[in-house]
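**Q** Sequence first, predicted model second:
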Amino acid sequence: MVSREKINQLAMQIGGELGTQVVEILLDQGDNTSEFLIAEKLEVKINVIRKTLYMLQDANLVNSMRKKDKKKGWYIYYWTFDEIQANALINKMREMRISNLKKRLNAEQNISYYTCKKQCIRTTLERALESDFTCLECEKVMHEVDNSKKVKLIKEELSFLEQPEELAEALIEETNTAEAEA
Ligand SMILES: [Zn+2]
């Protein structure tokens with residue numbers, strides 16, 4: 001079972017604010033929700049709703065089926081949120097995030113970065129040598145960046161993401177509780 005919070009994050013990334021609202025309605029209404037009902041509930045034009053639904057469909061987050069409206073003679077699409085696909089997508093994104101973080105960690109640990117006091121720009125040693133350790137923005141001297149804090153943060157996020165799902169969920173709850181108590 002995927003948490004609503006994660007589904008919201010995912011829908012936001014794919015369909016923006018409206019995407020999350022549409023998904024919320026699909027979750028509340030259950031399978032085969034009429035696109036007109038979604039439009040009506042959100043008070044948004046049907047073509048805008050459809051555009052968002054297609055975005056979600058392209059990401060396999062929703063499925064549709066069409067039915068002919070007997071009175072009006074046109075087709076109406078009914079939409080269903082696909083929890084299995086959503087779960088797969090969330091896992092895939094998590095894997096991607098882990099892979100990116102590992103690359104960043106590798107870079108942070110192996111490359112020295114340089115910046116000025118105002119931190120206008122962050123540059124590699126090669127680039128810093130090219131400009132004789134002078135910041136190209138403010139022309140002040142550049143020094144090596146202490147990235148130990150950044151490395152620590154990346155490591156923390158990595159160990160969090162690499163934990164089994166249930167444990168990660170529990171940790172989120174724990175953190176939320178601690179924050180609420182603080
Ligand atoms: Zn500068």
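**A** Perfect, I can see it now. Numbering: from 1, shown residues only.
**Q** Next up, the contacts around the spatially closest residue to Asp82 that is not a sequence neighbour.
**A** Spatial nearest neighbour of Asp82, excluding adjacent residues (C-beta to C-beta, 6 or more residues apart in numbering): Asn63 at 5.5 Å. (Glycine included, C-beta is placed from N, CA and C.) Going by C-beta atoms under 8 Å, 6 or more residues apart in numbering, Asn63 touches Gln57, Trp79, Thr80, Asp82.
**Q** Let's see which of the residues you listed end up in strands.
**A** Counting by DSSP state E, the part of these found in strands is Trp79, Thr80.
**Q** Would you map out the domains in the protein?
**A** Listed domain ranges for the chain are 4-86, 90-181 (source: automatic domain parsing).
**Q** of those, which approaches the ion most closely?
**A** Taking C-beta to the ion, domain 90-181 is the member of the domains of the chain nearest to the ion, at 3.2 Å.
**Q** returning to what we had before: can you add distance to the ion and mean pLDDT and give the domains of the chain back as a markdown table?
**A** Output for these, formatted as a markdown table (distance: least, C-beta to the ion, whole Å; pLDDT from 0 to 100):
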| stretch | distance to the ion | mean pLDDT |
| --- | --- | --- |
| domain 4-86 | 34 | 94 |
| domain 90-181 | 3 | 87 |
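**Q** highest average neighbour count across these?
**A** Ranked by mean neighbour count under mean count of other C-beta atoms under 10 Å, these are led by domain 4-86, which reaches a mean of 16.
**Q** I'd like the distance from that one to the chain centre, please.
**A** Domain 4-86 sits 19 Å away from the centroid of its parent chain (C-alpha atoms, centre = their mean, to the nearest Å).
**Q** which ones are touching the residue nearest to Arg4 when sequence neighbours are not counted?
**A** Excluding its sequence neighbours, the residue lying closest to Arg4 (C-beta to C-beta, 6+ apart) is Leu27, at 7.4 Å. Residues in contact with Leu27 (C-beta under 8 Å, 6+ apart) are Arg4, Ile7, Phe81.
**Q** Secondary structure element for the second one, which one?
**A** Ile7 belongs to helix 4-29 when elements are defined using DSSP states H and E.
**Q** All good on my end, thank you.
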